[in-house]
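Novice: quick one: sequence plus predicted model below, questions after.
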Amino acid sequence: MHKYAPLAQPVCVSGEPGRIIPAMQGNRILLGVTGGIAAYKSAELVRRLRERGAQVQVVMTAAAREFVGALTFQALSGRPVRTDLWDSAAEAAMGHIELARWAEAVLVAPATADFLARLAEGRADDLLTTLCLATAAPIAVAPAMNRLMWANAATVANVERLRQRGVRVFGPAEGAQACGEVGEGRMLEPPELADQLAVLLPAAGPLHGRRVLITAGPTRERIDPVRFISNRSSGKMGFAVAQAAREAGAQVVLVSGPVSLPTPPGVRRVDVESAEAMLTAVQNEVAAADIFISTAAVADYRPAHPSGQKIKKTSERLQLEMERTTDVLASVAARADRPFVVGFAAETESVEQNARAKLLKKNLDMIAANEVSHSKGFDCEDNHLIVLWRNARQDLGAGPKLALARELIRLIGESYAAAGKARPRDTVQA
Ligand code: CTP
């Protein structure tokens, strides 16, 4: 049986009287440094993070090395600095995918306009962008640039795109700039960055060190360029589950259909539209997951022949031929290297009986059943969950979705531990 690795997350008092800062004892932070004049401040940032007990692995871009030498960061972090995707010696010690998994949080400080653009584009053209794509850890950026570059529409759009994906943006501050101008674009000071980063780090909790993949919200299936078929799911239950999993210390990836909800702090979000896109996103993420929780109301059918042009009202009747989508949950449960798999069942009748049938048919470890109707379950604040295992049941009763999500996550943590699903990579440590 697997036992969770306990992790103390004490608080300590900093030099400033009365100021409490969360300690980062043992937390693994990947610090990306890109090519801006503020790079010299990142040397102090390494010190502040290490003071709090964090392990810091610095990754520098080529441009960053024009500003500060790698040796400075090596001396301060106590680890060789990584600079190159093609460095075979460094890759042999810890490959970039392993490094991406090692990180519990990624902070890029300073983040230049160019880096933000590359990150927003999803490029993998150097080690740092590749790591950002390959990590399940939360990513934060601390922009630093000239005020006009920061205000430029291209940068504004890139930052918005990144925020949408759950990337945290720390700062920038206003003030005097290295270029002699005054305005918004200064990197936040290292103690402030360390404080903000602390919030993103996994808290001590029953799911500390676990990776949880969650689907949420509805999907949209295209009929023509302006119409789609969808359902009334708001995504609230799934987002509450993501928040609860994060609070329990997990690294959380949330694959979400179209919803209008903010991303819970510290959660990495991947937005999708269709059932097919949700399947692809889940397939991309699932190999790294210990636990998969499928709360999404995925369309079961989609138009078999979506029209390339807007359909005109030329006839009295319109028949749409529909075809089945892939069952995302069942496909995850069927994998040879499956994570611990938790489904949801949205039922309008015979709730428990139908949910139990799904648990068995889809070969799940657990299922949470809820009744959905016009006034219940979908698109409202409260819910009523009954949790089923093969040989057990527990009625969580009715209540706010976040309270139920926390209770559900507690049960998932216990069942996961009992199932002994510890995986070899859990032992990856510095
Ligand atoms: N699910 C999925 N992919 C689908 C359909 C459903 O991953 N294409 C998942 C849901 O996220 C949920 C579970 O399967 O965790 C059950 O979904 P539900 O809509 O209740 O049932 P279905 O399996 O779609 O069956 P039915 O619509 O016949 O009740």
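Specialist: Received the coordinates, thanks. Numbering: from 1, shown residues only.
Novice: contacts, neighbours, all on C-alpha from now
Specialist: Noted.
Novice: mind checking the SS state of the closest residue to the ligand within the stretch 101-250 of the chain?
Specialist: Per CA to the nearest ligand atom, Thr215 is where the stretch 101-250 of the chain lies closest to the ligand, at 6.9 Å. Three-state secondary structure (criterion: DSSP: H, G, I helix; E, B strand; the rest coil) places Thr215 in strand.
Novice: doesn't Ile291 make contact with it?
Specialist: No. Judged on CA atoms under 8 Å, Thr215 makes no contact with Ile291 at a distance of 11.6 Å.
Novice: these two: which has the busier surroundings?
Specialist: Taking other CA atoms under 10 Å, Thr215 and Ile291 do not tie; Thr215 has more neighbours (31 against 24).
Novice: mind listing what that one touches?
Specialist: Gly238, Leu254, Val255, Ser256, Met278, Ile293, Ser294, Thr295, Ala296 (CA atoms under 8 Å, 6 or more residues apart in numbering).
Novice: for it, list each beta-bridge partner.
Specialist: Counting by DSSP bridges, Thr215 is bridged to Val255, Ser294.
Novice: so what does the closest residue to Phe73 other than its chain neighbours look like in phi/psi?
Specialist: Distances taken as CA to CA, 6 or more residues apart in numbering place Ala43 nearest to Phe73, at 6.1 Å, with adjacent residues excluded. With angles defined as degrees, to the nearest 10, Ala43 sits at phi -60, psi -40.
Novice: tell me how far Ala43 lies from the ligand.
Specialist: Here Ala43 is placed at a distance of 45 Å from the ligand (CA to the nearest ligand atom, to the nearest Å).
Novice: contacts only, for that residue.
Specialist: Thr72, Phe73, Leu76.
Novice: dump these into TSV; add secondary structure and pLDDT as well.
Specialist: Formatted as TSV, the contacts of Ala43 follow (DSSP: H, G, I helix; E, B strand; the rest coil; pLDDT from 0 to 100):
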residue	secondary structure	pLDDT
Thr72	helix	96
Phe73	helix	97
Leu76	helix	97
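Novice: ok, of the residues you listed, which come out buried?
Specialist: Buried subset of the contacts of Ala43 (neighbour count, 16 or more other CA atoms under 10 Å): Phe73, Leu76.
Novice: between the contacts of Ala43, which sits nearest Val169?
Specialist: Val169 has its nearest neighbour among these in Phe73, at 22.9 Å by CA to CA.
Novice: so that closest one makes contact with Arg82?
Specialist: No. With contact defined as CA under 8 Å, Phe73 does not reach Arg82; the gap is 10.1 Å.
Novice: quick revisit: list buried residues within the contacts of Thr215.
Specialist: Counted by 16+ other CA under 10 Å, the contacts of Thr215 give Gly238, Leu254, Val255, Ser256, Met278, Ile293, Ser294, Thr295, Ala296 as buried.
Novice: domain parsing for the chain?
Specialist: Domains of the chain are assigned by automatic domain parsing as 22-200, 211-304+318-426.
Novice: may I see those domains organised as CSV, with distance to Lys310 added?
Specialist: Below are the domains of the chain laid out as CSV (distance: least, CA to CA, whole Å):
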stretch, distance to Lys310
domain 22-200, 28
domain 211-304+318-426, 5
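Novice: which residue sits closest to Ile97, ignoring its sequence neighbours?
Specialist: Ala134 (6.4 Å).
Novice: what's the spacing between that neighbour and Pro80?
Specialist: The gap separating Ala134 from Pro80 is 21 Å, by CA to CA, to the nearest Å.
Novice: about what we covered before: can you name the two of the buried ones among the contacts of Thr215 that sit furthest apart?
Specialist: Gly238 and Met278, at 14.1 Å, using CA to CA across these.
Novice: distance-wise, check Ala369 relative to Ser294.
Specialist: Per CA to CA, Ala369 is found 12 Å from Ser294.
Novice: so what sits against both of these two?
Specialist: Phe344.
Novice: near the ligand, which residues of this protein?
Specialist: Residues of the chain lying close to the ligand (CA under 6 Å from any ligand atom) are 294-300, 325-329, 343-346.
Novice: wait, Asp224 touches His305, no?
Specialist: No. With contacts defined as CA under 8 Å, Asp224 does not count as touching His305, sitting 9.1 Å away.
Novice: ok, for Leu71, nearest residue in space, not its chain neighbours?
Specialist: Going by CA to CA, 6+ apart, Leu71 has Val81 as its nearest residue, at 7.7 Å.
Novice: meant to ask about Arg246, not that
Specialist: Val252 (6.1 Å).
Novice: helix, strand or coil for the one you found?
Specialist: Using three-state DSSP, the structure places Val252 in strand.
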